[in-house]
Each structure stands twice: as C-alpha cells, then as structure tokens.
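A.B. asks: Take this sequence and fold it.
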Amino acid sequence: MTGKPLRVQVESAEDVAVVRFANPPHGTVSNGGAADLVAAIRPLLAAAETRAIILTGGQDGIFIRHADVRQIATSLERVGMGSVDPQAFATSAFAELGAMLDAAEKPVIAAIDGLCMGGGFEIALACTMRIASPAATAIGLPEIRLDIFPGGGGTQRLSRLVGRHRARLFMLRGDVMTASQALAAGLVDEVVPCALDRALELAGMFAGRSTAAVSAILRLTATDEDRERLAAEACRFGELGLTGEALPEALFQFAEGDVGLEAMR
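C.D. replies: Residues are numbered from 1 along each chain as shown. Predicted coordinates for the structure are as follows:
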C-alpha cells in the first residue's frame, strides 16, 4: 500500500452502477485495493436492480496505473524466505477480483480515461469490454521490463482476447500503447473523447435488454477451462521468488523511484 487513502466509490443511477477506484497520489492497486473492489462490485452483481456496471478511475489521467510494485517485491521476498507459499498468489484478492469479473453475468465495462498498465490492465482485461479515451496514453503489460511477467491473469486473458501468438509477442516486448494503438491491436473495443460517457451510453443499452438473455450470453461464453491456467499462472508468478535472482531488489529499486512512465516504455 502507498500509505495514502484508498477510495472505492459507487454511484448508482437507475439500473447502472459506476465504480470509481482511486489510490492517490499514484493510482496503483494492491491486494487491499483489489479486496475493496471485490467488496464494492460483488453486491452490485447480486443486486437485481443493477443491470450493468462501469469500472473507472477516480483520479485525473489514471484508470489504475499498475499493481503495487513494492507489495509484489515484498511478497516475492517472503516466498524466497519460505514464509509465503507461491500457491497463495492463486487465492489472493487480486485473483478473486479477476475470477469474479470473468464470471459476471452482468456487463462490466472498463472506462479507461487514463493510465492503465500491468495489474491495472489485467483488471480491465477481466471486464466484459474496454472503452478508452485519448487520455489513456499508456495501456499495456510492461512487466517483462522489470524481469517479471503478468501474473494477475494477463497471460491468459490477453491470449483469449487477441490470440496466443500476438499476446506472447506483446508480453515479451513489454509493449505500452496509446489508446489508438491499443484499438488497432484489439486491446480495447472503442476509443472515444470521453470513455465514461460512452460507457454510460453502452451500459444503458445493455440495461435495457432482457436480463435473462444478457445473463445467458455471458454465462455461456465464459471459459471455465481458463481457471486451471489462471491458477497455474499465479503460482508460477509466486515461484519467481524461488529463482535466486535479485528480483525483489530490482522491484524495490523501481518502487523507490516510483512509477515514472518512461521506465515502463
């Protein structure tokens, strides 16, 4: 955690709910932030009156910047010390959030009006669709540049979205794209002047459809086979702490310099 106040705000208007995530000043997400998102979104998925959900950022220029690198470094360090089992990564709040969004039988739209990298983009990938604006100047999975890999569902959900080959190259290069580049690559579904405005329009359209039909489409197109691979991905990420390489040290160094975007390009 950054030590700064973390906020998850829920605004509901008729049958659409908007969930805003903010963790000032940098807008990163920790396991605690993921747990807060689970606590905010799960009741909305269960509420009959809510028929579509929008997830967006609560800070100017940021959707969710990326995962809390310091927390990742600490966790990998503890794996190396033997005090944390790599299997714990598969049952973390971050993994729970992704699984919940994957299984959602209501549309969950990511409205990306700002930075969206690493763990932030992994959360967006778990949503039903992604709408971006030109303010989203950095979208991607640059983890390889820190000698780790996307361990919060990225390897599986990106492959599902754009195909295994393109996903592999994207992650191996550590690509970070602008909104227009992300649209061309198939990472987002639309680029519009204001992602939230468009998300509200689409959510209203989905909310006007048959609840039973929308639920059936989402349920029948879900991929249960991904669960085992997602768990394997999370465990393999945790096992990075057993490699004997100086990964936590490098991650701590990055966290100390905090989140300069140039370091992720």
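
A.B. asks: Give me the neighbour count for residue 61.
C.D. replies: By the measure other CB atoms under 10 Å, the count of residues near residue 61 is 14. Where C-beta positions appear, they are placed from N, C-alpha and C, glycine not excepted.

A.B. asks: what's it in contact with, if anything?
C.D. replies: By CB atoms under 8 Å, 6 or more residues apart in numbering, the residues touching residue 61 are 113-115, 135.

A.B. asks: Dump stretch 235-242 to PDB, restricted to CA.
C.D. replies: Output of stretch 235-242 as PDB, limited to C-alpha atoms (Å, rounded to 0.1, in the frame of the first residue of the first chain):
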ATOM      1  CA  CYS A 235       1.600 -19.900  -8.800                       C
ATOM      2  CA  ARG A 236       4.300 -19.600 -11.400                       C
ATOM      3  CA  PHE A 237       4.400 -15.800 -10.600                       C
ATOM      4  CA  GLY A 238       4.900 -16.600  -6.900                       C
ATOM      5  CA  GLU A 239       7.700 -19.100  -7.800                       C
ATOM      6  CA  LEU A 240       9.700 -16.200  -9.200                       C
ATOM      7  CA  GLY A 241      10.600 -15.600  -5.500                       C
ATOM      8  CA  LEU A 242      12.400 -19.000  -5.600                       C
END
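
A.B. asks: Report all helices and strands that the longest helix along the chain contacts.
C.D. replies: Taking DSSP state H as the criterion, the chain has its longest helix at helix 31-46. Counting contacts by 3 or more CB pairs under 8 Å, 6 or more residues apart in numbering; DSSP states H and E, helix 31-46 is packed against strand 7-13, strand 16-22, strand 52-57, helix 93-103.

A.B. asks: who's in contact with the longest one?
C.D. replies: What it means is helix 93-103. Against helix 93-103 from outside (CB under 8 Å, 6+ apart): 29, 31-32, 34-35, 37-38, 41-42, 45, 67, 89, 108, 119, 122-123, 126-127, 152-153, 157, 222-223, 226-227, 230-231, 234.

A.B. asks: now swap in stretch 203-212 and tell me
C.D. replies: Applying CB under 8 Å, 6+ apart, the contact partners of stretch 203-212 are 14-16, 51-54, 107, 109, 214.

A.B. asks: repeat that for 7 Å
C.D. replies: Contact with stretch 203-212 is made by 15-16, 51-52, 54, 107, 109, 214, as judged by CB atoms under 7 Å, 6 or more residues apart in numbering.

A.B. asks: quick one on the thing from earlier: for the helices and strands packed on helix 31-46, which one ends up most surrounded?
C.D. replies: Ranked by mean neighbour count, those are led by strand 52-57 with a mean of 26 (mean count of other CB atoms under 10 Å).

A.B. asks: Just after that one, pick out the following helix or strand.
C.D. replies: Counting by DSSP states H and E, the next helix or strand C-terminal to strand 52-57 is strand 62-64.

A.B. asks: Can you mark which positions in the helix or strand just after that following strand are buried?
C.D. replies: Per DSSP H and E, the first helix or strand lying C-terminal to strand 62-64 is helix 69-81. Across helix 69-81, burial judged by 16 or more other CB atoms under 10 Å covers 69-80.
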